[in-house]
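Student: Okay, sequence plus prediction incoming.
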Amino acid sequence: MDDKARTDPVGSAGAKCSPTSSDAINVPETKQEIVEVVNDIQQGAGPSAAMRRKVADYYGCNAVDETIEASVDVQYILDRIVPMTEEEALGILRDSIRFHKDDPNFPSDTMARMRRLVLGRGASQVDSEAEDYELDLKTLAAIIHYHSPYPEVRSVTAPGDDPSTPVETFRAYLLGLVFMGLSSAVNTFFSPRQPSISISSQVMQLALAPCGKFLAKFLPDWGVTVRGTRCSLNPGPWSYKEQMFATIIFTIAHGAGGVYYIYLVQRLPQYLGNTWVTFSYEIVLALATQLFGLGFAGLLRRFVVYPVSALFPKVFPTLALNRALVLPERKEVINGWRLSRYRFFLGCFALMFTWSWVPNFLFRGLHIFNWMTWIAPQNFTLGMITGSYGGMGYNPFATWNWNLSGSGSLVTPFYSAVQQYAMRVVSGLIIIGMYWGNMYWSAYMPINSNEGESPGHGSAGPLQTNAAQPLTTRDGNMT
């Protein structure tokens, strides 16, 4: 597989076809088509219609109409199928089977197909003709080796790179740094607020695309030539690479950062009250922690970046959104759908915007849906276990608000989501047991709260439990 294609999401060019949810492919329909495919391969001719259809099926493209030019992705793979030999394709599949045998993200149907193809013509479950087997073998091997075996990755990335596409331009740096400063300032300033106010990276992406196109239209084409390379303020249309480069800049630093809360704990009088914490100390500590993390990321590239199986599913929506905002799409009907990615995004955006008024304004009970506590509002035990305000939140329908639940469940692999959910249930049960057993006097504190009391109900001083004040215990007595 091309290392550039799998490790650099910025390096993509051309339009992208709509993704497919399955790896199933169609074989040539007639024996004459099969013979034509093999003859083309043996004679060194260009890709035939049958080859084009087979590769297009992997990318969810409509390749039946030969009058439509093949997409960049399909053409890239076709150019590599033609010179590939059967022995080379078998070697690629054997290596892939060994590498991905314990990969939970690898498509099971693709793995089964690879095993059948490696066993030979009789076990491949394709037509008995040798030509059809060879075409299936080379198509799957080329896609795995030169792009990605994962349909999710193929749907949001390109198999190759166009080095002539501008990336680190003046306008990309300008917009990336401005958006980074704006989002970091807002998110840091409002992070202590409950509930906090923040600007997500997706919002910045939506604002970045029109700003980039605006600069591409109105910036003058002024520049200088350095060592034969011209550096211009406006090298042409706003590119996908520039969009991704600016997105990376503000995505890395758009949050407050964990070190920010160290400053709060050190400086605030109700915590440590360290008056010696100065601005220069904060800058040095922030740089130390950030550079420490980036250094570890660089050292671990061979384990968490370079391997084909090193997937980060939460990055896929970022790539898909940028493609929908910047790259053009062909007008074609795929599986009965003519809807482009951009229009699909606009439709979902309109529906979510409309629905957001319901839990936030029209019926706020849906914001945090404590329906279980409505059964017995005075029941302390029920509130502590199922309630979300100060309770443990054991509730199968905790909210109907996307802003509160987030969209992580849409991109997190199912096995990972189940693992996280199970561990939260187990840890919650441990906390409930400790609280009900009054371990370390924990029953005199709220079971789940982000608020603390200081002596004198808010006077300055170290954080303590206000044990002198009466608390209503589980049996309703005052202590």
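Tutor: Noted; the coordinates are in hand.
Student: and the closest residue to His145 other than its chain neighbours, which of the three is it?
Tutor: Spatial nearest neighbour of His145, chain neighbours left out: Ile92 (4.8 Å); criterion: C-beta to C-beta, 6 or more residues apart in numbering. From N, CA and C alone the C-beta is placed, and that goes for glycine too. Reducing the assignment at Ile92 to three states with DSSP: H, G, I helix; E, B strand; the rest coil gives helix.
Student: Leu137 is in contact with Leu90, isn't it?
Tutor: Yes. Counting by C-beta atoms under 8 Å, Leu90 is a contact partner of Leu137 at 6.9 Å.
Student: who's more crowded, those two?
Tutor: Taking neighbours as other C-beta atoms under 10 Å, Leu137 and Leu90 compare with Leu137 leading, 24 against 16.
Student: show me the contacts for the more buried one.
Tutor: Glu86, Ala89, Leu90, Leu93, Leu117, Ser124 (C-beta atoms under 8 Å, 6 or more residues apart in numbering).
Student: Verify the stated contact: Ser249 with Ser183.
Tutor: Ser isn't right for residue 249; it's Ile. No. The pair Ile249 and Ser183 does not pass the contact test of C-beta under 8 Å, sitting 10.5 Å apart.
Student: okay, those two: which has more neighbours?
Tutor: Ser183 (22 against 19).
Student: and the closest residue to Trp402 other than its chain neighbours, how many neighbours?
Tutor: Residue nearest to Trp402 in three dimensions, not counting chain neighbours: Met352, with 5.9 Å by C-beta to C-beta, 6+ apart. Residues lying near Met352 (other C-beta under 10 Å) number 12.
Student: Just the buried positions in the helix or strand hosting Met352, please.
Tutor: Element membership of Met352 [criterion: DSSP states H and E] is helix 341-357. Of the residues in helix 341-357, Arg341, Tyr342 count as buried by neighbour count, 16 or more other C-beta atoms under 10 Å.
Student: Mind listing what's buried along the helix or strand hosting Val153?
Tutor: Element membership of Val153 [criterion: DSSP H and E] is helix 151-156. The neighbour-count check on helix 151-156 (16+ other C-beta under 10 Å) flags Pro151, Glu152, Val153, Arg154, Ser155, Val156 as buried.
Student: that older thread, identify, from the contacts of Leu137, the entry nearest to Ser280.
Tutor: Nearest to Ser280 among the contacts of Leu137 is Leu93, at 58.2 Å by C-beta to C-beta.
Student: tell me the contacts of Thr412?
Tutor: By C-beta under 8 Å, 6+ apart, the residues touching Thr412 are Pro313, Lys314, Gln420.
Student: contacting residues around the helix of greatest length in the chain?
Tutor: What stands out as the longest helix in the chain, according to DSSP state H, is helix 414-436. Identification of contacts with helix 414-436 by C-beta under 8 Å, 6+ apart yields 104, 384-385, 392, 394, 409, 412, 440, 442-443, 447-448, 474.
Student: Give the rounded mean pLDDT of it.
Tutor: Averaging pLDDT along helix 414-436 gives 88.
Student: Pull the distance from that helix to the chain's centre.
Tutor: Mean C-alpha position of helix 414-436 versus that of the full chain (C-alpha atoms, centre = their mean, to the nearest Å) differs by 24 Å.
Student: can you dump the C-alpha coordinates of it into CSV?
Tutor: Output of helix 414-436 as CSV, limited to C-alpha atoms (Å, rounded to 0.1, in the frame of the first residue of the first chain):
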residue,chain,number,x,y,z
PHE,A,414,-19.4,-1.1,17.7
TYR,A,415,-17.1,-3.3,19.7
SER,A,416,-15.3,-0.2,21.1
ALA,A,417,-18.6,1.4,22.1
VAL,A,418,-19.8,-1.8,23.9
GLN,A,419,-16.5,-2.0,25.8
GLN,A,420,-16.7,1.6,26.9
TYR,A,421,-20.3,1.3,27.9
ALA,A,422,-19.6,-1.9,29.9
MET,A,423,-16.7,-0.4,31.8
ARG,A,424,-18.8,2.7,32.7
VAL,A,425,-21.5,0.5,34.1
VAL,A,426,-19.0,-1.6,36.1
SER,A,427,-17.2,1.5,37.5
GLY,A,428,-20.6,3.1,38.3
LEU,A,429,-21.6,0.1,40.3
ILE,A,430,-18.3,0.3,42.2
ILE,A,431,-18.9,3.9,43.1
ILE,A,432,-22.5,3.2,44.2
GLY,A,433,-21.1,0.4,46.5
MET,A,434,-18.5,2.7,48.0
TYR,A,435,-21.1,5.5,48.5
TRP,A,436,-23.7,3.2,50.1
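Student: Please identify the buried residues of it?
Tutor: Using 16+ other C-beta under 10 Å as the test for burial, helix 414-436 gives Gly428, Ile432, Tyr435.
Student: Domain parsing of the chain, as residue ranges.
Tutor: 3-156, 170-326, 358-458 (automatic domain parsing).
Student: List the buried residues for the host helix or strand of Tyr260?
Tutor: Tyr260 belongs to helix 259-267 when assigned by DSSP H and E. By neighbour count, with 16+ other C-beta under 10 Å as the criterion, the buried positions of helix 259-267 are Ile262, Tyr263, Gln266, Arg267.
Student: Quick check: next helix or strand after it?
Tutor: Next element after helix 259-267 (DSSP H and E): helix 279-299.
Student: So what touches the helix or strand that comes right after that next one?
Tutor: Once the chain leaves helix 279-299, the next helix or strand it forms, by DSSP H and E, is helix 301-304. Here helix 301-304 makes contact (C-beta under 8 Å, 6+ apart) with Ala297, Ala310.
Student: following helix 301-304, which helix or strand comes up?
Tutor: helix 316-326.
Student: Give the other helices and strands that that following helix contacts.
Tutor: helix 151-156, helix 201-218, helix 240-252, helix 341-357, helix 408-411 (3 or more C-beta pairs under 8 Å, 6 or more residues apart in numbering; DSSP states H and E).
Student: can you put those helices in TSV and add distance to His367 and mean pLDDT?
Tutor: Compiled in TSV, these are given as follows (distance: least, C-beta to C-beta, whole Å; pLDDT from 0 to 100):
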stretch	distance to His367	mean pLDDT
helix 151-156	32	86
helix 201-218	20	90
helix 240-252	28	90
helix 341-357	10	86
helix 408-411	18	73
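Student: Nearest approach to Ile368 belongs to which of the ones you listed?
Tutor: Here helix 341-357 is closest among the helices and strands packed on helix 316-326 (C-beta to C-beta), at 14.7 Å.
Student: And the closest one, what does it pack against?
Tutor: Contacts defined by 3+ C-beta pairs under 8 Å, 6+ apart place helix 341-357 against helix 316-326, helix 402-405.
Student: again, only using 6 Å
Tutor: When contacts are defined as 3 or more C-beta pairs under 6 Å, 6 or more residues apart in numbering; DSSP states H and E, helix 341-357 sits against helix 316-326.
Student: quick check: angle from the helix it packs on to helix 240-252?
Tutor: If you take axes from the mean of the first three to the mean of the last three C-alpha atoms, to 10 degrees, helix 316-326 sits at 140 degrees to helix 240-252.
Student: Find me whatever residue is spatially closest to Ser442, sequence neighbours aside.
Tutor: Of all residues not flanking Ser442 in the chain, Tyr435 sits nearest, at 5.3 Å (C-beta to C-beta, 6+ apart).
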